[in-house]
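Novice: Here's a sequence, model it:
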Amino acid sequence: MANYCVFGVAVLLLLAAIPFSRVDSYGLRAEPLLLEFGTFAAADRTCLYRKIFKGQPSPVTINFNNPSNTLIDYIKVEVSQGRRKGGVTGNIIRGAVGTVSVSLSVTESSGKSTFQNDAQVTILCAPN
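Specialist: Here you go, the predicted model:
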């Protein structure tokens, strides 16, 4: 009986010593797959949709000036889950959510010079 206890303790110590890679809510990826700016509202309408293609040079700057002069409420940048590791980082470099114009810089987060997966940029604006 004592041998089983010693074996159990040895297995637990071995498992505690094994390093595990970081796991986020999207699976075995360390790069962010979704960026959001602002607050989503179901009544908002899509005023800009842009796709960034795999292999496109990184970073990409997206400039948007809303011609209908309604406020930008929400910005979403989402990466398609491909076989390659890669995510995005992004920030607003000019303008802001809650205004009529914004410039957004989107960069491949893996440090590569090109995007490893497709990404979609969606900007939602307040209804007229």
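Novice: which of the residues in stretch 91-103 are buried?
Specialist: Using 16 or more other Cβ atoms under 10 Å as the test for burial, stretch 91-103 gives Gly95, Val97, Val100, Val102. From N, CA and C alone the C-beta is placed, and that goes for glycine too.
Novice: The second one - nearest residue in space that isn't next to it in sequence?
Specialist: In this structure, Val97 finds its nearest non-sequential neighbour in Gly38, 3.8 Å apart by Cβ to Cβ, 6 or more residues apart in numbering.
Novice: Next: the first one.
Specialist: When the adjacent residues along the chain are set aside, Gly95 lies closest to Val102, with 3.8 Å between them (Cβ to Cβ, 6+ apart).
Novice: ok, that neighbour - contacts?
Specialist: Asn63, Phe64, Ile72, Ile75, Ile92, Arg94, Gly95, Ala96, Ile123 (Cβ atoms under 8 Å, 6 or more residues apart in numbering).
Novice: does it sit in a helix, a strand or a coil?
Specialist: Under DSSP: H, G, I helix; E, B strand; the rest coil, the three-state class of Val102 is strand.
Novice: Looks like Thr114 contacts Phe53 (just checking).
Specialist: No - assessed by Cβ atoms under 8 Å, Thr114 is found out of contact with Phe53, at 9.6 Å.
Novice: Between all of the buried residues of stretch 91-103, which two are separated the most?
Specialist: Val97 and Val100 (10.9 Å; Cβ to Cβ).
Novice: Next, show the common contact partners of these two.
Specialist: With Cβ under 8 Å, 6+ apart as the test, Val97 and Val100 both reach Ile72.
Novice: How many residues are close by Glu78?
Specialist: By other Cβ atoms under 10 Å, 15 other residues sit near Glu78.
Novice: Quick one: name whatever helix or strand follows whatever helix or strand it lives in.
Specialist: Assignment of secondary structure by DSSP states H and E places Glu78 within strand 72-79. Note on strand 72-79: by DSSP H and E, the next helix or strand toward the C-terminus is strand 88-95.
Novice: and that following strand, which strands flank it?
Specialist: strand 101-108 (antiparallel) (DSSP bridges).
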